[in-house]
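K.L.:
I would like to see how this sequence folds:
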Amino acid sequence: MSESNCSILQPIRNRWLKFASRIVTNGLTLASLAFVAVASQAVLAVAAEQHAPAAASGAGSNFMIGVVENVPPRGAGTGNSEKLLDLHKYLGVNSVRVHISWQEVEQQKGQLALDRSFAAFENFLLQAKSKGIEPLFVLAYGNTFYDGGGFPVSEEAQNAFVRYVSFIADRFKGAVKYYEVWNEWNISVGVPGRPKGDAGVYTSLLKKAYPALKAVDPGIVVLGGATSGVDYGFATRVFQAGGLTAMDGFSVHPYVYPYGPERALPLLDRFVEEVRKVSGGRDLPIYATEIGWVNVVGPKGSDEATVADYLARVFLLFPTRSFMKGVWWFDRIDDGKDPENGSHHFGLLRYDHTAKPVACVLKEVSKLLTDYKPISAQKEANGLWHATLGNGSQFVHAVWTEEPNKKANVTIEATQRPDAKITSRNFCRDAEATSGGGRSVTAVVSGSPLLLYTTTETLSIK
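P.N.:
Residues are numbered from 1 along each chain as shown. Next comes the predicted model:
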């Protein structure tokens, strides 16, 4: 963009940023978000261009940026599904994790169907790819016609589950590529009485579901595991039982709340090492299909601003690991409004559909990963975390402290290129940094990542 165009559009950008700030501060309804997604697309593009140099063509990451959709659209109409797709597109996500349980599909024994109440949901899945959104479908939970509605343990129950798997895959052939077999079997989520989840039984089911999915479409990607936490023991038992032959990737839910995402990174690194030990050195793709933090007051809770910082750091850290293929934030909207129930307060949106600060950060970090590829992330000798992204000619450096209340006074300088200039900002707000002649900045670094745009891959941070 020419200097004259930048000058003309600068006032537009400034007004938009003030408006966006009020959106996050005052809250925005789902309908308004969808409207903004369509009406202001051009203005957003201009604002983004002002924040950083244009990315090289095809420079962005292929990392999957997802959201768990616990409250999908239901009903015979399609209006709600279209609005929801617009919202996901506005947020910048390229995948959404959904499910229709086995019990909902087989409501009469031996008969599989989706009634008219699923019309909006089906439209949502069938139209998602046209919006650039890849559905991830969870195949899960028991059916009261088999084994008392618990884990499908018997041969009859497992075969019936596979019929449900085939039905769903056939129904959404071409629309859904990614399937996850069960959800948190290792801690018995959704199973009456919560018996211990046996890895051998799970592997048996996985070995039946895998060929059934591939028979419908060989291009389907099958994820096994879906473990609560990074469960080395459960995963190892699945691998030893032959589970590696029946999956294209392994999914984990690396929750570490109330701590920051830096706690999850060594868990994932160790997990990959354990996989290599039992797989003969095979690098298995890993998908974090759930992660999030609780917005409640209490020992396991974090305030909304801190959760927004944690989301930014997840997407600055995880994509730098080559084995990590995607992260799905849990979840889109709060599941309730009980202030003491932590499970009600994971959402990007509050229960009344107003946006939390984390929604704005997701939108901006999604744009960042579209324009730049992750290069590295590590903890520096001075205790600060430093992540680097680039597109070949331009680089973005992110610097932050791990502890929520810790701050550090730093000077950041482009030492190797005297001609390099550094501009700085934070996600969704202006940076608290000052220029030191263009090639350096001084700043107070906190748990909210400071973004530094420059033409050099190496910076001195002191």
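
K.L.:
nearest to the spatial middle of the chain, which residue is it?
P.N.:
Centrality entry for the chain: nearest residue to the mean C-alpha point is residue 328, 2.7 Å, by Cα atoms, centre = their mean.

K.L.:
the helices in the stretch 351-462 of the chain, which residues?
P.N.:
In the stretch 351-462 of the chain, the helices defined using DSSP state H, counting those that start in this stretch lie at 357-371.

K.L.:
which stretches of it have low pLDDT?
P.N.:
Applying pLDDT under 70 to the predicted model, the residue ranges of the stretch 351-462 of the chain that meet it are 431-437.

K.L.:
which parts of it are strands?
P.N.:
373-379, 385-390, 395-400, 408-413, 423-426, 433-435, 440-445, 450-454, 460-461 (DSSP state E, counting those that start in this stretch).

K.L.:
checking my notes, the residue nearest to the centre of the chain in a strand, right?
P.N.:
Yes. Using DSSP: H, G, I helix; E, B strand; the rest coil, the assignment for residue 328 is a strand.

K.L.:
any idea how far residue 392 is from the residue lying closest to residue 440 once chain neighbours are set aside?
P.N.:
Distance criterion Cβ to Cβ, 6 or more residues apart in numbering; nearest residue to residue 440, sequence neighbours excluded, is residue 413 at 3.9 Å. Just so you know, the C-beta spots here come from the backbone N, C-alpha and C atoms, and that holds for glycine as well. Relative to residue 392, residue 413 is positioned 22 Å away (Cβ to Cβ, to the nearest Å).

K.L.:
residue 113 in helix, strand or coil?
P.N.:
Classified using three-state DSSP, residue 113 is coil.

K.L.:
now do the contacts for the closest residue in space to it that isn't next to it in sequence.
P.N.:
Among residues not flanking residue 113 along the chain, residue 105 sits closest, at 7.1 Å (Cβ to Cβ, 6+ apart). Neighbouring residues of residue 105 by Cβ atoms under 8 Å, 6 or more residues apart in numbering: 112-114, 164, 167-168.

K.L.:
let's see that with 7 Å instead.
P.N.:
112, 114, 164, 167-168 (Cβ atoms under 7 Å, 6 or more residues apart in numbering).

K.L.:
the residues you listed: which two are farthest apart?
P.N.:
114 and 164 (11.2 Å; Cβ to Cβ).

K.L.:
these two - which one has more neighbours?
P.N.:
Of the pair residue 114 and residue 164, residue 164 is the one with more neighbours under other Cβ atoms under 10 Å, namely 23 against 16.

K.L.:
three-state assignment of that one?
P.N.:
Residue 164 falls in the helix class when you classify it by three-state DSSP.

K.L.:
ok so, going back, need the contacts of residue 105 in a markdown table with distance to residue 198, can you?
P.N.:
Listed next are the contacts of residue 105 as a markdown table, based on distance: Cβ to Cβ, whole Å:
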| residue | distance to residue 198 |
| --- | --- |
| 112 | 26 |
| 114 | 30 |
| 164 | 20 |
| 167 | 25 |
| 168 | 24 |
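
K.L.:
tell me the one of these nearest residue 79?
P.N.:
Comparing these against residue 79 with Cβ to Cβ places residue 114 closest, at 19.0 Å.

K.L.:
dump the residue contacts of that closest one.
P.N.:
Residue 114 neighbours (Cβ under 7 Å, 6+ apart): 105, 122.

K.L.:
ok, the residue nearest to residue 440 touching residue 460?
P.N.:
Yes. Using Cβ atoms under 7 Å, residue 413 makes contact with residue 460 at a distance of 4.7 Å.

K.L.:
ok, the nearest residue to residue 128 once chain neighbours are set aside - contacts?
P.N.:
Once flanking residues are discounted, residue 128 sits nearest to residue 135: 5.3 Å by Cβ to Cβ, 6+ apart. Taking Cβ under 7 Å, 6+ apart, we find residue 135 in contact with 96, 98, 125, 128, 175-176.
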